[in-house]
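A.B. asks: Starting from these lines, generate the structure:
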Amino acid sequence: MNNYIWYGLFTTFEEAAIEAERLNQPLADTTNDGFNSKIWQEKQIIMYQEALEGVYKRNTNIESALEDSKVESIIDFGGGSGWIHAFLQNKPHLKHIEYFNLEIPSTKAAFEQVIKTGNLYKWLDFDDSESNFGINMIYSNSAIQYLSNNKALIDLVLRYQPTVILLDDVFESAEQDLYSLQNYYKFYQVNRFISVNLLADQIEKMGYQLLEKIPYVNNYSEKMISEILLPDGTTLAKPSTVSLKFVKK
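C.D. replies: Numbering: from 1, shown residues only. Next up is the predicted model:
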């Protein structure tokens with residue numbers, strides 16, 4: 001079981017969360033709890049430092065998405081350490097872009113004293129209801145699938161009305177969202193397989209057009225099996241991952 005990235009398939013977030021809590025109970029006294037773990041934080045810091053040097057551990061389509069867009073400011077939804085900012089800083093034609101990292105307080109606390117940034121890097125809290133300034137792009141890379149639904153993303157789009165929305169590494173489902181447990185160093189966290197049809201419909205109703213949907217290539221460890229392991233021992237193929245680019249009509 002520990003060799004599989006995914007375990008179980010559930011129709012609701014609540015069911016998946018209950019199973020994750022059961023599986024994680026033996027780890028209750030450890031510091032290995034997903035995005036608060038030292039392992040994840042150390043990897044994020046390394047990703048930021050390496051991105052400044054032009055080495056990218058994760059794929060991103062942000063450079064190509066910016067080619068035809070006059071973007072001056074970006075919100076990175078769930079940006080971790082902010083390695084996308086480091087990516088932009090390593091590109092002479094993009095380093096002027098103002099970057100806002102939208103993160104939870106614990107993640108912000110873990111990185112803001114470690115990563116030294118300039119005036120173009122700013123932190124933004126999810127509960128910061130006062131912020132309302134000009135944003136040209138909302139970006140996310142492997143983040144929205146850890147939320148139970150699309151509400152936080154939709155609220156963000158409604159607030160800032162960006163001209164471009166780029167979502168990298170979206171785990172695609174068909175007509176409805178499904179949930180599985182992601183094995184992150186033996187800690188199980190709920191991961192959502194997102195109905196792209198539903199998400200596109202929600203965003204298009206706000207005045208956007210789905211301009212591009214392309215495959216996204218993950219860099220999973222070859223030591224892990226990327227099929228979904230079911231409780232009865234059988235397996236399913238994992239959903240495909242895509243990148244979605246929306247533009248304002």
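
A.B. asks: contacts, neighbours, all on C-alpha from now
C.D. replies: OK.

A.B. asks: element containing the closest residue to Q202 other than its chain neighbours, please.
C.D. replies: In this structure, Q202 finds its nearest non-sequential neighbour in I154, 7.6 Å apart by CA to CA, 6 or more residues apart in numbering. Per DSSP states H and E: I154 is located in helix 151-160.

A.B. asks: picking up where we left off before, can you count the residues close to the residue nearest to Q202?
C.D. replies: Residues near I154, counting by other CA atoms under 10 Å, number 14.

A.B. asks: Can you give me the distance of it to M206?
C.D. replies: Separation of I154 from M206 (CA to CA, to the nearest Å) stands at 9 Å.

A.B. asks: Look at V114 and report its pLDDT.
C.D. replies: Reading off the confidence values, V114 has pLDDT 86.

A.B. asks: Also V157?
C.D. replies: 95.

A.B. asks: Tell me who's in contact with it.
C.D. replies: The neighbours of V157, taking CA atoms under 8 Å, 6 or more residues apart in numbering as the test, are I138.

A.B. asks: From H93, how far off is it?
C.D. replies: As defined by CA to CA, V157 lies at a distance of 26 Å from H93.

A.B. asks: Make sure Q202 is indeed in a strand.
C.D. replies: No: using DSSP: H, G, I helix; E, B strand; the rest coil, the secondary structure at Q202 is helix, not a strand.

A.B. asks: Report how many residues lie close to it.
C.D. replies: 15.

A.B. asks: repeat for P26
C.D. replies: P26 has 10 neighbouring residues, counting by other CA under 10 Å.

A.B. asks: In this protein, what helix or strand scores lowest on average pLDDT?
C.D. replies: strand 225-229 (a mean of 85; mean pLDDT, DSSP states H and E).

A.B. asks: Tell me the helices and strands packed up against it.
C.D. replies: strand 4-10, strand 235-236 (3 or more CA pairs under 8 Å, 6 or more residues apart in numbering; DSSP states H and E).

A.B. asks: And for the first one, what's in contact with it?
C.D. replies: The contact list for strand 4-10, computed with CA under 8 Å, 6+ apart, reads 1, 16, 178-184, 224-231.

A.B. asks: how far away is the closest residue to Q145 other than its chain neighbours from E15?
C.D. replies: Leaving aside its chain neighbours, Q145 sits nearest to R192 (4.6 Å; criterion: CA to CA, 6+ apart). Distance of R192 to E15, computed by CA to CA: 12 Å.

A.B. asks: of those two, who's got more company?
C.D. replies: Between R192 and E15, counting by other CA under 10 Å, R192 is the more crowded of the two (29 against 14).

A.B. asks: residue ranges of the helices in the chain, please?
C.D. replies: 13-24, 38-52, 62-66, 83-89, 105-111, 151-160, 196-204 (DSSP state H).

A.B. asks: any chance of these in CSV, plus distance to S240?
C.D. replies: Formatted as CSV, the helices of the chain follow (distance: least, CA to CA, whole Å):
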stretch, distance to S240
helix 13-24, 20
helix 38-52, 24
helix 62-66, 20
helix 83-89, 23
helix 105-111, 28
helix 151-160, 21
helix 196-204, 11
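
A.B. asks: No more questions from me, cheers.
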